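**Student:** I would like the atomic coordinates for the input below:
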Amino acid sequence: MADECEICGLLPRMTAPAAAGNPYFIAEMETGFAVLGWNQTYPGYTLFLSKTCVPELHDLPPERRSRFLEEMALVAEAVFRAFSPRKLNYELLGNSVAHVHWHLFPRYADDPNPQWPVWSNAAHLQAPRQTPNEPERLADMCARVQRALAELL
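**Tutor:** Residues are numbered from 1 along each chain as shown. Prediction:
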């Protein structure tokens, strides 16, 4: 499956540290990688990507699954501390890519359509054109999550 998996194919590029030219990298953990999402319509949008290529949580061995969920919760709390949203949305979808990975969306009072799921928001879907991701801004965002994560660990 890993040969055909889009996430597995992108992992080397997605998880290279900032020093290697990836401004989205936050942290490597035991079971996964934390990276900023490519579009930042929702400032702080973060992904937690499993190191194990499986389509479902129940496909992970029980101890690995528990640790993956624990680490995802730590990353989520760090995102929450770093960006102070009104609410944090957690999504483990995989309809398009069958590799377990979490989407962590900070939600704010001034979100476009704050009652709607992010995937229903045209601004989010068009964000790569609408949201410039300046290197300095990305570095600051990553550093904020990294500091919060270090405090939790």
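
**Student:** what is the spatially most central residue of the chain paired to in the beta sheet?
**Tutor:** With distances taken as C-alpha atoms, centre = their mean, the chain has residue 47 as the residue nearest its mean C-alpha position (1.2 Å). The residues listed as beta-bridge partners of residue 47 by DSSP bridges are residue 35, residue 103.

**Student:** How about the contacts made by it?
**Tutor:** Shown here is residue 47, whose contacts under the criterion C-beta atoms under 8 Å, 6 or more residues apart in numbering are 34, 35, 36, 37, 101, 102, 103, 104. To be clear about C-beta, it is placed using only N, CA and C from the backbone, and glycine gets the same treatment.

**Student:** And for residue 136?
**Tutor:** Remark: with contacts taken as C-beta under 8 Å, 6+ apart, residue 136 is in contact with nothing.

**Student:** and the one helix or strand it maps to, which residues are buried?
**Tutor:** Secondary structure assignment for residue 136, by DSSP states H and E: helix 135-152. Buried positions in helix 135-152, judged by neighbour count with 16 or more other C-beta atoms under 10 Å: 138, 141, 142, 144, 145, 146, 148, 149.

**Student:** Tell me the one among those residues nearest to residue 8.
**Tutor:** Ranked by distance to residue 8 (C-beta to C-beta), those are led by residue 142 at 22.6 Å.

**Student:** Next, count neighbours for the nearest residue to that closest one once chain neighbours are set aside.
**Tutor:** Of all residues beyond its chain neighbours, the one nearest residue 142 is residue 26 (5.2 Å), with distances taken as C-beta to C-beta, 6 or more residues apart in numbering. When neighbours are defined as other C-beta atoms under 10 Å, residue 26 has 26 of them.

**Student:** ditto for the one 4 residues further on
**Tutor:** Other residues within reach of residue 30 by the criterion other C-beta under 10 Å amount to 10.

**Student:** Hmm, residue 70 and it touching each other?
**Tutor:** No: contact between residue 30 and residue 70 fails when scored by C-beta atoms under 8 Å: they sit 9.4 Å apart.
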